[in-house]
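S.K.: Next comes the sequence, and after it the predicted model I'd like to discuss.
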Amino acid sequence: MNDGDDDDDDYDYQQLRKMLKDHRDKIVILLANRIAGDANVIDAIMDQRNYCRVQVKQSKVSGSSSSSSSSKSRSGSKGKSASHKQSSSATITATNTYHDYSNKMINMQDYVVLAIKRGVDQKALKLTFELNDEYAKRAALQALHASSSSSSSSTNNNHAFVNKLYRDALDDAWARLLRKRCTSRLWKEKCQQAELRAIEVFCENLNKALLAPPAEGMIGVDSHKALLALDPGFKAGIKAAILSNEGKTLLLETVTYMGNTSEREEGKRQLLSLLERVQQICNGSSGDKNNICVVLGNGHGTREARQLLHDVTSQNSNMTVDIHLVSEAGASVWSVTEMASEEFPKETPASIAAVSIGRRYLNPLAELVKVPPRSLGLGMYQHDLSEKILDEKLTLTSIDCVAEVGVDVNSCSLAILQKVPSLTKTLAEKIFNSRPLTSRKDLLRVKGLGDKTYENAAAFIRVTGGSEPLDNTMVHPESYDLARWLLKELQWKLNDATSAQKVGDSSEEVWKVAAKKASKKFAVSEDRAVSVVEHLFFSITSPDPRTRKKSGVASSTLGPSDIGSAAGCAALPPDIATVDKLRDSLPRRNVIGTVRNVVDFGAFVDLGLENDGLLHRSKLGPTINLGSLLVGEDIGVDILGVSNDGKISLGLAGLNFPVDDADTKKRSLSSSSADGKRGNKPASKKKRHK
């Protein structure tokens, strides 16, 4: 009977084998689909991220696409957005730089990933992947064995045909489904990682820009009383604004200078009149009456405006100008807002952008919070990032910066009050309309502002000259009793900065002793007591935390103090401030530049030219850390190279790097593809009204 059973089993197997042969192709496809959907298999093949190599070639259709785009442009597409033009420029740069690129995916830098991604999205580049196919299939087979107990017993010779069927199905699954799924997912992960880094870079730069210190020489008894802000232009003229050192607008005017000799002379006369007006206002100050502060927006027409200033001052020996270049990115965005129209109801948006430029120099935080962060051009490939995630992160960064500095509730703008943590726009408007406030407690009288919101927001709101002196400090109201006791214990006075500095080197130990006593007396933790001591100390000695921030160039103690310092450097003369003339005068040493953008591969520096220069991280020397450069900071640089398409490579002044060779120019070109010619600065607003 047992022999009969064996015969039946052999017969059944033969029948099964015949059926499998008859429908082999269909069964292979079904098994392949099932293998491709196995979670263990997918996890196993994703280990290819360590071995996947990316190959980039120029797309065959890129040339025809470019010519097609050019013909469309020539046929009158005047309505193209600035961001689209900028994106197209960066796509061309990415195509030129990465048309023959190969690297392991795991080793690719984030900005390279974003450049290639843009080129691929615009069909200018073609992406392929090299994988170890045999290794991936072995990993998938092992995953299958691990997830199927039956496969472990399939060593019987009768099952050889089934095993071959599974191997064929695995080959089909890999070639038809898994390989593409693997590379697509790996590339998507890499792009997401690069995008997150780009958002992080944007937030870091925004933080640096918002927390840049207020202008030196414009605050205090010996300060200038006024400045002249200029928004350069061509046919529409130079928009000018005279501002007080508090940012109040004293005069708005347009200087027209384009045309024949007489029209240029008239423009010089207008500019001289404005400079003399500022000089008269400054006569009441104890500073240098002949040295006039001029804040110049950097964009189209900047070189011509500088030349006009040079011509005017060279003909008037009793007058010198101190020119400060300020990024104009987003100034036009502010000029068309409801807030701007309420302040200047009779002025056109084009005529008031100079006000924003001047105020940015006076108080960067107070002015830049009025502008949507994505319009400030501080990031890397911002047009390729998720708008929702980017806006959320940038808004949180703005709120953090406002919280760090605090706001004077009776003098701040509504825009900055809306950035106070825990305050909604509605509550901020109610507080704004309830001014003046005499104390922080007055916040509780604002309808809709409850105890919880007060608890969360009060420490970030200052009340100057109110009934409670501690309302003008960083100390939270719930710690006022503790703060008063500490002031008495440490013999500090809120209105006397020297009283908190007399302890000297032993201050930390004295603080700890006082904090320990306070923690026992008021039944609070020592950490909280120390925190109150620190808040009191900084509120007394340096109320504005922005004045305590130092940059790597300004504060480096690792090497000679003149490395990268703007001291002893000079701005490019107007007569050579063009790319062509600059190329003929290389190397150009000890030039003042302003940091506009800091990215992973270096910093973009404003030299007063059409294009920013790239200070590559390899040209910083051993003493300066790239992350310590501040957006808006003046530094000293050497101009080392100018490529044929206007890309400018720089080195830190004092390090005496040689003139760049062709390879270095190429690297400057590739790195500067982050978002257009000016280091991801949005295309200039000048196209609309200049």
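M.R.: Thanks, I have it.

S.K.: Might you report the residue contacts of the closest residue in space to Asn656 that isn't next to it in sequence?
M.R.: By the measure of Cβ to Cβ, 6 or more residues apart in numbering, the closest residue to Asn656 outside its immediate chain neighbours is Asp638, 7.3 Å from it. Every C-beta, even on glycine, is put in place using the N, C-alpha and C of the backbone. Residues in contact with Asp638, defined by Cβ atoms under 8 Å, 6 or more residues apart in numbering, are Pro587, Arg588, Arg589, Asn590, Val591, Leu650, Gly651, Leu652, Ala653, Leu655, Asn656, Phe657.

S.K.: how many neighbours does Val631 have?
M.R.: Val631: 25 surrounding residues under other Cβ atoms under 10 Å.

S.K.: For Thr395, see how far away the closest residue to Leu423 other than its chain neighbours is.
M.R.: The spatial neighbour of Leu423 that comes closest, neighbours along the chain excluded (Cβ to Cβ, 6+ apart), is Ala457 at 5.5 Å. Between Ala457 and Thr395 the computed distance is 16 Å (Cβ to Cβ, to the nearest Å).

S.K.: swap in Lys488?
M.R.: To Thr395, Lys488 is 41 Å away according to Cβ to Cβ.

S.K.: cool, Leu170 as well?
M.R.: From Leu170 to Thr395 the distance is 49 Å (Cβ to Cβ).

S.K.: ok, these two, which is more surrounded?
M.R.: A direct count of neighbours by other Cβ under 10 Å for Leu170 and Thr395 places Leu170 higher, at 22 against 13.

S.K.: who touches that one in this structure?
M.R.: Contacts for Leu170 were tallied using Cβ under 8 Å, 6+ apart; they are Ala32, Ile35, Lys137, Ala140, Leu141, Leu144.

S.K.: and the nearest residue to Leu414 once chain neighbours are set aside, backbone torsions?
M.R.: Counting by Cβ to Cβ, 6+ apart, Leu414 lies nearest to Phe432, which is 4.9 Å off, once chain neighbours are set aside. Dihedral angles phi and psi of Phe432 (degrees, to the nearest 10) take the values phi -60, psi -40.

S.K.: what number of residues lie near Phe432?
M.R.: Here the number of neighbours of Phe432 (other Cβ under 10 Å) works out to 16.

S.K.: what do you get for Gln109?
M.R.: Neighbours of Gln109 (other Cβ under 10 Å): 14.

S.K.: With the one 4 residues further on instead?
M.R.: Val113 has 22 neighbours, counted by other Cβ under 10 Å.

S.K.: my guess is it meets Ala194, correct?
M.R.: Yes - counting by Cβ atoms under 8 Å, Val113 sits close enough to Ala194 to count as a contact (4.0 Å).

S.K.: Mind listing the residues bridging to the residue nearest to Asn656?
M.R.: Here Asp638 sits in beta bridges with Gly651, as judged by DSSP bridges.

S.K.: wait, what's in contact with Arg484?
M.R.: Contact analysis of Arg484 by Cβ under 8 Å, 6+ apart lists Leu470.

S.K.: Am I right that it is in a helix?
M.R.: Yes - when DSSP: H, G, I helix; E, B strand; the rest coil is applied, Arg484 is found to be in a helix.

S.K.: Give the residue spans of the stretch 1-150 of the chain that score low on pLDDT.
M.R.: For the stretch 1-150 of the chain, the stretches flagged by pLDDT under 70 are 1-22, 61-95, 147-150.

S.K.: Tell me where it has helices.
M.R.: Counting by DSSP state H, counting those that start in this stretch, the stretch 1-150 of the chain has these helices, from start to end: 2-22, 24-36, 39-45, 62-74, 82-98, 110-121, 133-147.

S.K.: re the thing from before, Ile461 versus the residue nearest to Asn656, what's the distance?
M.R.: On the measure of Cβ to Cβ, Asp638 and Ile461 end up 46 Å apart.

S.K.: Can you pull the phi/psi pair for Lys268?
M.R.: phi -60, psi -40.

S.K.: so how many other residues sit close to the nearest residue to it once chain neighbours are set aside?
M.R.: Sequence neighbours aside, Val312 is the residue nearest to Lys268 in space, at 5.3 Å (criterion: Cβ to Cβ, 6+ apart). By the other Cβ under 10 Å criterion, the neighbourhood of Val312 contains 20 residues.

S.K.: Phe460 now?
M.R.: When neighbours are counted by other Cβ under 10 Å, Phe460 registers 21.

S.K.: can you check Leu394 too?
M.R.: What Leu394 shows, counting by other Cβ under 10 Å, is a neighbour count of 22.

S.K.: Just give the nearest non-adjacent residue to it, would you?
M.R.: Nearest-residue entry for Leu394: Pro373, 3.8 Å, with adjacent residues in sequence omitted and distances by Cβ to Cβ, 6+ apart.

S.K.: What of Trp511?
M.R.: Here the nearest residue to Trp511 in space, its sequence neighbours aside, is Val533; by Cβ to Cβ, 6+ apart that works out to 4.9 Å.

S.K.: Tell me the spacing between the one you found and Ser499.
M.R.: Counting by Cβ to Cβ, the gap from Val533 to Ser499 is 14 Å.

S.K.: more crowded one of the two?
M.R.: Set side by side, Val533 and Ser499 show more neighbours around Val533, with 27 against 16, by other Cβ under 10 Å.

S.K.: List the buried residues of the helix or strand harbouring that one.
M.R.: Element membership of Val533, judged by DSSP states H and E, is helix 526-541. When burial is assessed from 16 or more other Cβ atoms under 10 Å, helix 526-541 yields the following buried residues: Arg528, Ala529, Val530, Ser531, Val532, Val533, His535, Leu536, Phe537, Phe538, Ser539, Ile540.

S.K.: Report the rounded mean pLDDT for that helix.
M.R.: When the per-residue pLDDT values of helix 526-541 are averaged, the result is 92.
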